[in-house]
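Enquirer: everything below, folded, please.
(2 chains)
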Amino acid sequence: MNDTNRTHDVATTQARNTAPTDERTMIPRVDVFEDDAGITLLADLPGVPKDRLELKVDGDTLLIEGAIATPTPQDLQSVYAEIRVPRYRRAFVLSRELDPGKIDANLRDGVLNLRIPKQEHAKPRRIEVRAG
Amino acid sequence: MYESLLNFPGAFFGEFERLRRELDDVFGATSVPTSIRSVAPGTFPSINVGNTPESVDVYAFAPGIDASKVDVQIDRGVLSISGERISAVPEGKQGGQVYSRERLSGRFHRAISLPDDADASKVDASYRDGVLHVRVGRRAAPQPQRIAIQ
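Expert: Next up is the predicted model:
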């Protein structure tokens, strides 16, 4: 009985200690632009390798999360740091005419390139006017 | 009633930002002398510097650049990194609507003072996942020298 209580306490204190640092993230800078066929989103995620990048679509929310995993020497001591949080996170709300099922993602040199196409019926089309 | 309309969710975080600035004013960066070459936060590329017994390691977070066109120089103990990033946002009418343009484009330059024992002849630079890593070796610690009195 006592033992289970103790483990519970340890778990909660650990959660309390780690929670604030785990929550801290940087907001990646993005470029967003649209053409007739869809929206392109570019996000700066320097230091994030492909396997540490997570893209999630939940309903109409697109979530971009990435962790910096730049290899560093074992005995490296930091003397100056502008990047203090090794994690990026940013969420976007997609509008209805976009097709979240067909998002194409590409990560190269720390830049994420997302292509979000429009649904077929939402693409602009020219309406023929018949003379009659 | 109008107040509730003006309470955007962003203002909540804006309050934290204001608090952070106030704390910085009292305890933070402004009360400590900074490097003569320091720049405003958010300057491209962000830089982290670390030391090992054998080297000084500089990490520049510069995503989406052509590594072959980056200029890395060491001149009199100052490491400078410069280059250019070309905007990916299409220009002109055929480009369509641009909603945000937050990523830096154009020329960039950063300079970092290296410690005295940095050896400019032992430099190694690599680029991976958008991070430029410059490793500058250190000279072996000089032995103390005895000076004879004439």
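Enquirer: tell me the domain ranges of chain B?
Expert: B:1-32, B:37-89+B:102-141 (automatic domain parsing).
Enquirer: okay, the ones you listed in TSV with mean pLDDT, mean neighbour count and distance to A:Arg29 next?
Expert: From N, CA and C alone the C-beta is placed, and that goes for glycine too. Supplementary listing: the domains of chain B in TSV, determined by pLDDT from 0 to 100; neighbours: other CB atoms under 10 Å in any protein chain shown; distance: least, CB to CB, whole Å:
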stretch	mean pLDDT	mean neighbour count	distance to A:Arg29
domain B:1-32	56	9	17
domain B:37-89+B:102-141	90	16	4
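Enquirer: whatever residue of chain A ends up closest to chain B: what's it in contact with?
Expert: When scored by CB to the nearest CB, chain A has A:Gly110 as its residue closest to chain B, at 1.7 Å. By CB atoms under 8 Å, 6 or more residues apart in numbering or on different chains, A:Gly110 lies in contact with A:44-48, B:61-64, B:129-131.
Enquirer: if we can go back for a sec, I'd like the domains of chain B as JSON lines, with distance to A:Leu98 appended.
Expert: Rendered in JSON lines, the data for the domains of chain B read as follows (distance: least, CB to CB, whole Å):
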{"stretch": "domain B:1-32", "distance to A:Leu98": "22"}
{"stretch": "domain B:37-89+B:102-141", "distance to A:Leu98": "19"}
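Enquirer: what's the closest of the ones you listed to chain A?
Expert: Of the domains of chain B, nearest to chain A by CB to the nearest CB is domain B:37-89+B:102-141, at 1.7 Å.
Enquirer: wondering if that closest one reaches chain A at all.
Expert: Yes - Domain B:37-89+B:102-141 lies within reach of chain A by CB under 8 Å from any CB of the partner chain, at B:41, B:45-53, B:55, B:57, B:59, B:61-65, B:67, B:87-89, B:102-104, B:127-131, B:133.
Enquirer: nearest residue to the residue of chain A closest to chain B in space, please, no chain neighbours.
Expert: Across the structure, with CB to CB, 6 or more residues apart in numbering or on different chains as the measure, the residue nearest A:Gly110 apart from its sequence neighbours is B:Gly130 (1.7 Å).
Enquirer: what about the nearest residue to B:Tyr99 once chain neighbours are set aside, which SS state?
Expert: In space, and not counting its chain neighbours, B:Tyr99 is closest to A:Val32: 4.2 Å by CB to CB, 6+ apart. Secondary structure state of A:Val32, per DSSP: H, G, I helix; E, B strand; the rest coil, is strand.
Enquirer: name the helix or strand for the residue most central in space within chain A, please.
Expert: Closest to where the C-alpha atoms of chain A average out (CA atoms, centre = their mean) is A:Ile64, at 0.9 Å. When secondary structure is defined by DSSP states H and E, A:Ile64 falls within strand A:61-67.
Enquirer: what residues of that strand count as buried?
Expert: Within strand A:61-67, the residues that qualify as buried by neighbour count (16 or more other CB atoms under 10 Å in any protein chain shown) are A:62, A:64-67.
Enquirer: what about stretch A:82-92, near chain B?
Expert: Yes - under the criterion of CB under 8 Å from any CB, stretch A:82-92 makes contact with chain B via A:82-83.
Enquirer: where along chain B do the strands fall?
Expert: With DSSP state E applied, chain B shows strands at B:46-51, B:55-61, B:71-75, B:78-85, B:97-101, B:106-113, B:118-128, B:131-138, listed in chain order.
Enquirer: many thanks, I have nothing further to ask.
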